[in-house]
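# sequence-free structure coming up:
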């Protein structure tokens, strides 16, 4: 039994630090690095890739809407051509920095409002998947389990890693509980560890209101911007390993 | 006898057009595409690469200081780490877009204040050359003939294309006459054609004050932002071809 | 009988010119100056205010979404607090530059996607109107005739100038024909002049499909980014003056 | 005996917090608020002005070079027209937000590389002073004690508040010890308090190498981006008050 643990990293910008990347990166098996559009800058990207390479974790891109002030969390209307171009720009920028550090991109996971919209908007999901495939058919696309993006990635011929969340509460329909509602975040490392274990071993997750639903996931996300992210990662890792689950990156079928 | 003709293109941004790229690109053998820092955006870059690929010209990167408002023409103090990172970011971003269009980068030429400073500042020139080589040792570095950047590129083991200008007046010491002085630009296509021919065939150029100096160049620049750029390119091209000079991209020794 | 003629100006950015402001500004009675978010920069704003002051036309602000690459034409989801803050920032920035040029702001007209959304979204319209009033209760709010923004401005106690368009085709329901459909723009100066005259004198406008509808407007817009804007403005002006309509800015009741 | 205590605040941006403004603001008598160019955004500016107004401290502007990624600490070559325009833009933007919060700007203090360059570059200092005066002759200009900016402000007819530093080491020539050298920052609240007291009461400050020099200052800066800024401010305040020094904003003679 195996699972990938991923985390969004490299979200500092210029003088502004964000996240505890040095602690968190060695605890996961894959990192999604911000590409300078919603967060990150060339120097932050360089340092983040170095940390990831040093820790031996898989490096992927975390492209988002070009909205630094809004951290890519504000919905924006980009035309398909604009969206395709900005995704390839961001993938290329990170790949260029990674290449100079002796490292190749393994996967891509959209960020924030782009991730959320691609989960339900079929046309947008197809645009994202095609933008990635045009850049490289070998990249693994990370998409919310059960989402439109998961289906679009498969249709485009990409290897898709379905994603579940250790530290977010679920609704009965399999969607994530909105961050605006109480109880959206699981802040206790124990709760997160239990949820990760249920996902990895049983393909099941408890919902916010006490039901149990099925979730088929190859990768589990631990949010890097939660204050206690390293503690959560440590607890998740320990509980998975204790149960004999192997933590390693998803492999591309490409 | 052969020479490369290059031009800076892809300098539009968002709603703002700049340059007559559609006319100019087919008239040269190499184009330097802005990478989104001082000009260009992901969509402009995509369209520019398509035009260049359609015209069969060599595609290179034109990285500049991250200063859109100043068009990369204002000097800025970046640390060597920042400069290295932004150059690789820009090369990668353009390479990513080019790759999705089935096209590879052949060369790189710094823009504006970065180009000017790298011509005389040895430490900066070395930083630029090493940043490029770390990205790819196969990229040709385009540098002002006789400049610190030309020497730094050679020391770094890169193929360097020394550059001269068809449409700029020269001073006796081989530098370009400052744009702030009268007579800095050769606006007549005939003058530019004569200057290009002297450079390509004889390795000589007439100075602003009537002398003749030696210039060893493998590539000649025609500025894309001059209003009459296509007319100048046409005259230069015609005069070179009439003299039996073959117009083609520089080849990498890498 | 009187009417205001307004135009969006100051939409250049850095090295990129846009519009024929020097010709257009003296032909209208009010200008809406871009404030550095979707277009314009501090230097462009300074020069534009000087032109307007020299021509004796009323100076107003033209705030838009903070999206330079999309020219403020891409819809964005800002929270009410973010929207309020960016509007006041933009009004203040232009007012600061105007003040140093000995000139005061008279009006404010939202730009692009913000203008369009405020025409139908009541909550957003209220947010815009309150943001303006908090900055100054004396500013005139320019809003599409019949729009939610017109009503919100009146509710907020602002003087509102209802706006109609000389160079855009109308639908039967009083909305503007979408720019994506054929015939959305009236490109002939004669047509635009006839439409302006009908609006100013009769409070009526012909629709795209041959009907006539009522439009109550105190100001008529001539788009600055149409190539023939000055020609259209000249024809509109001539036809209004020939009919005895006085062209002058709206006056604040504040 | 009286002195002003000032601190640079509002340096967060978007999702990125910076500084402990809520604790620090009530401890000083004047705050310099970032204006969206090197730090701050419209929402951060709004919240910062509210905090300052609530604490009853004087609100001033802290304009910097338009370089968010470099936090305004990288030197940039702006033309005098560009610099004048961006300063007025920034002053206006903050004044607009402050006005909507019922608060007026009292002073202005340049930030980072702009502050440093204006301390020694006479032409730049004059440009800054004239830019401020054109915006408002009533604004107090905060300038390094003994600097070119102090003289330029006086020549321009502005009230100038000469500034000294509680938490920075001095060299014998009255300049600040470079941040790149050891011992540049006084990190102990006790040391900073002693230095502030010597400046306020005796017009003297001890240098890094054990000398004592004269410093005439009306305002003392406590850096907001030092981790222990509130602790330093508390110690400085306590020691000044215990010695009978009144802490209050400088008054404009304008």
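Arrived safely. Bear in mind the structure is a predicted one, so any value in this text is a computation, not a measurement.
# Could you use CA atoms for every contact and neighbour count after this?
OK.
# Does residue A:248 touch residue A:3 like I think?
Yes: between residue A:248 and residue A:3 there is a contact under Cα atoms under 8 Å: 6.1 Å.
# what about the two, which has more around it?
residue A:3 (22 against 18; other Cα atoms under 10 Å in any protein chain shown).
# Could you give the bridge partners of that one?
As for beta bridges, residue A:3 partners with residue A:247 under DSSP bridges.
# Show me which residues of the stretch 51-200 of chain A sit near chain C.
Contact residues, the stretch 51-200 of chain A versus chain C (Cα under 8 Å from any Cα of the partner chain): A:67, A:74-78.
# Only the buried subset of the residues you listed, as a ChimeraX command please.
Of those, the buried ones go into a single ChimeraX selection, burial set by 16 or more other Cα atoms under 10 Å in any protein chain shown:
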select /A:67,74,75,76,78
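# and which of the residues of the stretch 51-200 of chain A next to chain C is nearest to chain B?
Of all these, chain B sits closest to residue A:78, with 11.1 Å by Cα to the nearest Cα.
# how about the closest one, what does it touch?
residue C:74 (Cα atoms under 8 Å, 6 or more residues apart in numbering or on different chains).
# And it, its phi and psi?
Main-chain torsions, residue A:78, degrees, to the nearest 10: phi -100, psi 140.
# The residue in the stretch 101-250 of chain A that chain C sits nearest to: neighbouring residues, count only.
Nearest to chain C, among the residues of the stretch 101-250 of chain A, is residue A:113, at 10.1 Å (Cα to the nearest Cα). Residue A:113 has 17 neighbours, counted by other Cα under 10 Å.
# Tell me how far it lies from residue A:73.
Per Cα to Cα, to the nearest Å, residue A:113 is found 5 Å from residue A:73.
# now residue A:220, what's its secondary structure?
strand (DSSP: H, G, I helix; E, B strand; the rest coil).
# who does it bridge with?
Judged by DSSP bridges, the bridge partners of residue A:220 are residue A:5, residue A:164.
# Got the confidence number for it?
Turning to residue A:220, the model gives it a pLDDT of 98.
# Next, the contact list for it, please.
By Cα under 8 Å, 6+ apart, the contact list for residue A:220 reads A:3-6, A:163-166, A:196.
# How about residue A:185, nearest residue that isn't a chain neighbour?
Take residue A:185 and drop its neighbours on the chain: the residue closest to it by Cα to Cα, 6 or more residues apart in numbering or on different chains is residue A:168, 4.7 Å away.
# who touches that neighbour in this structure?
With contacts defined as Cα under 8 Å, 6+ apart, residue A:168 is in contact with A:176-177, A:184-186.
# mind redoing it with 10 Å?
Contact analysis of residue A:168 by Cα atoms under 10 Å, 6 or more residues apart in numbering or on different chains lists A:176-179, A:183-187, A:192, A:195, A:207-208, A:221-223.
# One more: residue A:125?
For residue A:125, counting by Cα under 10 Å, 6+ apart, the contacting residues are A:114-115, A:117-119, A:131, A:143, A:147-153.
# Ok, residue A:68 next?
So residue A:68 contacts A:13, A:36-40, D:13-15 (Cα under 10 Å, 6+ apart).
# Check the secondary structure at it for me.
Here residue A:68 is recorded as coil under three-state DSSP.
# what about the closest residue to residue A:25 other than its chain neighbours, which SS state?
In space, not counting the residues next to it along the chain, residue A:25 is nearest to residue A:52; the distance is 6.3 Å by Cα to Cα, 6+ apart. Taking three-state DSSP as the rule, one finds residue A:52 in the helix state.
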